[in-house]
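# The amino acid sequence is not available; the structure is as follows:
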């Protein structure tokens, strides 16, 4: 039996054993925007209603139209400094190990030899153990926008932080360095926050404005810059640079990528807000106690009572 078929059958068996994996990979297979909208409404109908404060109508309308809201200052300098000092004391692992579904080798950040573009990610328990990070994920402004966009109470299904560091050789190839669509749920939003000043050459995020509601380029693959230019206006390709503490809330079903990190580095926080807790790419059980006073339902993936 061919190795690819064996691997495929093995994955299928795992999906049916794990409802998180089954839900995630079923929604990953749905590429029709119309069908995704219908399934969003179906899942939303059995999800608790939000009790957060109402979001500003102008911001909600812009998010629905453009697929992105940019905030030049989400964190003040003092909070950024606290989070950076906290993270610098924690171990990291090479993101390639996660993509390859290998064990994650703890590394000291200051001991990692950087010879080519490298992405170094923090462990779930350390992310959930930082009050400032959890407070940011639960920002009333962000939760109100997310709730208005999803039409229900959101779940923080993923929290992450990672470094992208430039090297001297050709960049290591990562999936997210090419244009693609995320499929974390039938409808979802992601918040990205920079913890250092980021220019285009530091691995800045790139998003195609309006592509989240487009039926173009929805196949389950990556896309070239040429394909993007042929299907979307160049003025809608946004390269998100900014000062430390800036952030953007984005529907990453829309086409996006990381720019190559050819100099310096980028440290970014990332939060996924989804309809359900059923995501195969996040922690299988809570990793920290909810000592922060945040909503138990919204934070149930990472925090236990």
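In hand now; what should we look at? Keep in mind that this is a model prediction, so the values were computed, not measured.
# Against residue 48, how distant is the nearest residue to residue 191 once chain neighbours are set aside?
What sits nearest to residue 191 in space, not counting adjacent residues and going by CB to CB, 6 or more residues apart in numbering, is residue 271, at 4.4 Å. Heads up, the C-betas are built off the backbone N, CA and C, glycines and all. Applying CB to CB, to the nearest Å, the value for residue 271 to residue 48 is 19 Å.
# Ok, residue 202 next?
39 Å.
# cool, residue 194 as well?
From residue 194 to residue 48 the distance is 32 Å (CB to CB).
# Could I get the full set of strands for the stretch 51-200 of the chain?
68-71, 92-94, 118-122, 155-165, 188-194 (DSSP state E, counting those that start in this stretch).
# Which one, of the ones you listed, ends up nearest to residue 17?
strand 155-165 (19.7 Å; CB to CB).
# Compute the inter-axis angle for the closest one and strand 188-194.
40 degrees (axes from the mean of the first three to the mean of the last three CA atoms, to 10 degrees).
# Direction included, what does strand 155-165 pair up with?
strand 118-122 (antiparallel), strand 265-274 (antiparallel) (DSSP bridges).
# pLDDT of it, averaged?
For strand 155-165, mean pLDDT is 97.
# With stretch 190-198 instead?
Mean predicted confidence for stretch 190-198 is 98.
# Could I get the buried residue list for that stretch?
Of the residues in stretch 190-198, 190, 191, 192, 193, 194, 195, 196, 198 count as buried by neighbour count, 16 or more other CB atoms under 10 Å.
# so which pair among those residues is furthest apart in space?
For those, and using CB to CB, no pair is farther apart than 190 and 196, which are 19.1 Å apart.
# List the residues that contact the residue nearest to residue 282 when sequence neighbours are not counted.
Excluding its sequence neighbours, the residue lying closest to residue 282 (CB to CB, 6+ apart) is residue 158, at 4.5 Å. For residue 158, the contact set (CB atoms under 8 Å, 6 or more residues apart in numbering) comprises 184, 270, 271, 272, 279, 281, 282, 301.
# which residues does residue 158 bridge with?
Beta-bridge partners of residue 158, as defined by DSSP bridges: residue 272.
# Would you mark the buried spots in stretch 159-169?
Result for stretch 159-169 [16+ other CB under 10 Å]: buried residues 159, 160, 161, 162, 163, 164, 165, 166.
# Stretch 296-305 too?
The neighbour-count check on stretch 296-305 (16+ other CB under 10 Å) flags 298, 299, 300, 301, 302, 303 as buried.
# That stretch spans what distance, first to last residue?
Using CA to CA, to the nearest Å, one end of stretch 296-305 lies 7 Å from the other.
# what does stretch 144-159 give?
Stretch 144-159: ends 18 Å apart by CA to CA.
# Distance from it to the middle of the chain?
13 Å (CA atoms, centre = their mean, to the nearest Å).
# Does residue 163 have any beta-bridge partners, and if so which?
residue 120, residue 267.
# Does it touch residue 109 like I think?
Yes: using CB atoms under 8 Å, residue 163 is in contact with residue 109, at 7.3 Å.
# so who does the nearest residue in space to residue 286 that is not next to it in sequence touch?
With sequence-adjacent residues excluded and distances taken as CB to CB, 6+ apart, residue 286 is closest to residue 304, at 3.9 Å. The contact partners of residue 304, by CB under 8 Å, 6+ apart, come to 286, 288, 289, 290.
# let's see it at 7 Å
Contact analysis of residue 304 by CB atoms under 7 Å, 6 or more residues apart in numbering lists 286, 289, 290.
# now residue 217
Counting by CB under 7 Å, 6+ apart, residue 217 has contacts 223, 227, 231, 255.
# Next, work out how far apart the last one and residue 299 are.
Computed as CB to CB, the residue 255 to residue 299 distance reads 30 Å.
# Then the first one?
Taking CB to CB as the measure, residue 223 and residue 299 are separated by 34 Å.
# What of the third one?
Residue 231 sits 38 Å away from residue 299, taking CB to CB as the criterion.
# The second one now?
Residue 227 sits 38 Å away from residue 299 when distances are taken as CB to CB.
# For residue 48, grab the count of nearby residues.
11 (other CB atoms under 10 Å).
# same question but for residue 113, I mixed them up
6.
# what separates it from residue 97, distance-wise?
Residue 113 is 16 Å from residue 97, by CB to CB.
# Tell me how far the residue nearest to residue 191 lies from residue 262.
Relative to residue 262, and taking CB to CB, residue 271 is found at 27 Å.
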